[in-house]
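> no FASTA, just this:
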């Protein structure tokens, strides 16, 4: 398991604590990215969290999509500023790219975005990508950037998509309802019925849940790439997998032969 370019996607649930940005978790993720980049592994970060960042500045009703648009607009720059402060501790620069999943349908836009990402990484800058939640409602309500992260991994030539979430693995049944649920260690085929479950809003900040992530992973597998799903609350499993080449926790989605 050796990768030269990866996408790390951080979900809203991971980045939010007590209705504000979970700074310690963010700092831990930045430290991980710094370590990976120093080992010549290029990292593209797809980060949620704009709404919660905006909410910390202007606490509007979170169950209104219109309010979420306002909060996302406020929170984008605030979120980037926090990332900039954290990356500065490692003498690193980061940048922001806002792109909607639908824009990948345009070859010219995709090529321009890829060119920017390639040049940023060439100069040691971490591209931080987010859906433009002001104009893209579907991801704001249901997707939590899962679909976006899969498209970023595919179109920007990453070999691995890492999903850091409040969900620590892919299970044979819902572990919240079934204490005997077992986590899949390695998967190359996702059960069709798991992909057909209706997407529902999870809570005010985090959306999509496991179904959204599995659909993103299915897209990755269909394009002959790999994915890793692990908890983002602590980074023990993902550090083991990426840095120590040791798979302990989390689910590895291996490319299909």
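Structure's in. What do you need? Note that the structure is predicted; figures quoted are calculated from it, not measured. Residues are numbered from 1 along each chain as shown.
> neighbours around residue 77, how many?
Residue 77 sits with 12 neighbouring residues when counted by other C-beta atoms under 10 Å. In short, each C-beta sits where N, CA and C put it, glycine included.
> Now for it: which residues touch it?
Neighbour list for residue 77: empty [criterion: C-beta atoms under 8 Å, 6 or more residues apart in numbering].
> change it to 10 Å
50, 53, 54, 96 (C-beta atoms under 10 Å, 6 or more residues apart in numbering).
> Please report the distance of the last one from residue 157.
Think residue 96. 20 Å (C-beta to C-beta, to the nearest Å).
> same deal with residue 118?
8 Å.
> Let me see the contact set for residue 241.
1, 160, 162, 228, 230, 235, 247, 248, 249, 250, 252.
> Is residue 220 in contact with residue 158, as I believe?
Yes. At 9.3 Å, residue 220 counts as touching residue 158 under the criterion of C-beta atoms under 10 Å.
> Return the per-residue confidence for the nearest residue to residue 39 once chain neighbours are set aside.
Closest residue to residue 39 apart from its sequence neighbours, by C-beta to C-beta, 6 or more residues apart in numbering: residue 243 at 7.6 Å. At residue 243, the model reports a pLDDT of 96.
> Run through the residues that contact residue 243.
32, 35, 36, 39, 41, 235.
> got it, and residue 158?
Per C-beta under 10 Å, 6+ apart, neighbours of residue 158: 3-8, 42-44, 117, 149, 152, 220, 225-226.
> Surely it is in a helix?
No. Counting by DSSP: H, G, I helix; E, B strand; the rest coil, residue 158 is not part of a helix but coil.
> Next one: it from residue 46, what distance?
From residue 158 to residue 46 the distance is 10 Å (C-beta to C-beta).
> Overlap in contacts, those two.
7, 8, 149, 152.
> Count residues in the vicinity of the last one, would you?
The local packing count at residue 152 equals 26, with neighbours defined by other C-beta under 10 Å.
> same deal with residue 111?
11.
> Please, which helix or strand holds it?
Secondary structure from DSSP states H and E places residue 111 in helix 107-122.
> by contact count, what packs against whatever helix or strand comes next after that helix?
As assigned by DSSP H and E, the chain's next helix or strand after helix 107-122 is strand 126-130. In terms of contacts (3 or more C-beta pairs under 10 Å, 6 or more residues apart in numbering; DSSP states H and E), strand 126-130 is packed against strand 5-10, helix 23-38, strand 42-47, helix 65-88, strand 94-98, helix 107-122, helix 146-155.
> how about low-confidence regions in the chain?
1, 136-143, 198-208 (pLDDT under 70).
> Leaving out the residues flanking it, which one is nearest to residue 44?
Nearest to residue 44 is residue 7, by C-beta to C-beta, 6+ apart, at 4.8 Å.
> if I look at that neighbour, how far off is residue 50?
18 Å.
> repeat for residue 99
14 Å.
> Could you name every residue contacting both of these two?
Common contacts of residue 99 and residue 50 (C-beta under 10 Å, 6+ apart): 130, 131, 132.
> Next, count neighbours for the last one.
Neighbourhood size, residue 132 [other C-beta under 10 Å]: 18.
> With adjacent residues omitted, what lies nearest to it?
residue 98 (4.3 Å).
> The one you found pairs with what?
Going by DSSP bridges, residue 98 is paired in beta bridges with residue 130.
> That one and residue 133 touch, don't they?
Yes. Contact criterion C-beta under 10 Å: residue 98 and residue 133 qualify, at 8.7 Å.
> out of the two, which sits in the busier spot?
residue 133 (25 against 16).
> Name the nearest residue to the more buried one, sequence neighbours excluded.
Nearest non-adjacent residue to residue 133, counting by C-beta to C-beta, 6+ apart: residue 72, 3.6 Å away.
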